[in-house]
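> next comes the sequence, and after it the predicted model I'd like to discuss.
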Amino acid sequence: MALCTQLLESKDWALGVIAYDWAFRVKKQYSKETFYVFENWLTNYVTDWNDCDDFCTHGFGELISQYNELFDMALKWINHPNFAVRRAAVVILIYPINKDKYSGINPLKVADLLIKDDHDLVQKGYGWMLKVLSQKEPQLVINYVNSKHKIMPRVAFRYAIEKLDNQTKLELMSL
């Protein structure tokens, strides 16, 4: 992790990609304390959606899948001035959801907290998370978008329903 931090400190995109990949490759070494290292990387080195998605759908997401109870600590990112950190609050759930390792996590809670975020990449982020969740728990996502369609930004709404069956998508789009 120390070598990864050194690479990230260079603020060179290619070295950052290597750092996030190395961090993911040592996932068997993760502990709960790894959260603080990763959170430091997130708040100090992640500045755009591509770094956020690379890091959070691999290393940081794997950490959350190993230690679901750490997710609540990510909720404070909802108010961060950096949109990529706010996006990370939902994007770190994509890996655990895909791996069916999100027991005890309520993905809709973070979607609710970000529902009025005005940054389009944050909206796309929680829409993406809902889309992934729809492949595991379609009725949960259908009920959610049905109840939130009046306040949910259209971009998040469309991302969320993308993987649902055509009939359900048509019904939801007509709301």
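On my side now, so go ahead.
> quick one: contacts of the host helix or strand of Asn44?
In this structure, Asn44 sits in helix 34-45 according to DSSP states H and E. By CB atoms under 8 Å, 6 or more residues apart in numbering, the list of residues contacting helix 34-45 from outside reads 1, 4-5, 8-9, 11, 16, 19, 23, 51-52, 55-56, 59-60, 63, 67, 70, 73, 77, 80, 82, 84-85, 88. Where C-beta positions appear, they are placed from N, C-alpha and C, glycine not excepted.
> domain ranges for the protein?
1-103, 106-175 (automatic domain parsing).
> could the ones you listed be laid out in JSON lines, adding mean neighbour count and mean pLDDT?
Below are the domains of the chain laid out as JSON lines (neighbours: other CB atoms under 10 Å; pLDDT from 0 to 100):
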{"stretch": "domain 1-103", "mean neighbour count": "18", "mean pLDDT": "97"}
{"stretch": "domain 106-175", "mean neighbour count": "17", "mean pLDDT": "97"}
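> tell me what the longest helix along the chain is packed against?
In the chain, assigned by DSSP state H, the helix with the most residues is helix 120-134. The contact analysis (3 or more CB pairs under 8 Å, 6 or more residues apart in numbering; DSSP states H and E) places helix 120-134 against helix 49-56, helix 83-91, helix 94-98, helix 107-114, helix 138-148, helix 154-161.
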